[in-house]
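J.: what would the 3D arrangement of this be:
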Amino acid sequence: MTAFKPLDEKTLVAGQIHPEDLEEARRHGVTMVVNNRPDGEDDGQPCSDDIEAAAKAAGLEYRHIPIARGLGPTVIEQMRDAMVDVGDGKLLAYCRSGMRSTLAWAVACRENGVPREKLDKAAEAAGYNLSAVDHLL
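T.: Residues are numbered from 1 along each chain as shown. Here you go, the predicted structure:
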């Protein structure tokens with residue numbers, strides 16, 4: 001079972017999830033899944049289509065926002081859109097370890113005016129460090 005770590009009241013982050021994790025995500029209040037992994041990154045990694053099918057079967061919205069070579073403006077814009085579109089639900093973002101998803105969340109939040117100190121505390125509580133994106137925060 002994959003651990004879901006809270007970043008804020010509406011966002012959870014995780015390392016690689018599997019189709020069988022999505023019912024548990026729904027029980028945590030998740031209404032949208034954001035996959036930040038490019039397909040084919042690792043052998044045996046579930047493909048985006050399989051996670052999307054499982055998400056839809058669990059009644060969850062799904063978005064594929066792969067992060068392969070850093071956090072460009074398009075990725076951040078798509079993350080910001082997802083964070084707005086989740087409405088009153090919760091968003092679960094995942095990648096290999098949860099790090100890229102956490103970084104994308106932090107930059108998107110910072111662009112929305114969230115103080116850096118609050119982002120650092122939330123990331124650290126979930127086991128992540130934002131120093132890789134200092135220049136964007």
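J.: got the contact list for the helix or strand that contains Val107?
T.: Element membership for Val107 (DSSP states H and E) is helix 99-111. Here helix 99-111 makes contact (CB atoms under 8 Å, 6 or more residues apart in numbering) with 7-8, 11, 13-14, 34, 36-37, 65, 67, 71, 75-76, 79-80, 83, 93-95, 116, 119, 123, 126, 128, 130, 132-133, 136-137. Every residue, glycine included, has its C-beta placed from N, CA and C.
J.: and with 6 Å instead?
T.: Helix 99-111 is contacted by residues 7, 11, 13, 36, 67, 71, 75-76, 79-80, 83, 93-95, 119, 123, 128, 130, 133, 136-137 when judged by CB atoms under 6 Å, 6 or more residues apart in numbering.
J.: now that helix: mean pLDDT?
T.: Per-region confidence: helix 99-111 scores 96 on mean pLDDT.
J.: stretch 62-71 too?
T.: Stretch 62-71 comes out with an average pLDDT of 93.
J.: tell me how far it lies from the chain's centre.
T.: On the basis of CA atoms, centre = their mean, to the nearest Å, stretch 62-71 is displaced by 9 Å from the centre of the chain it belongs to.
J.: next SSE after the helix holding Val107?
T.: Next element after helix 99-111 (DSSP H and E): helix 116-125.
J.: I'm done for today, thanks for sticking with me.
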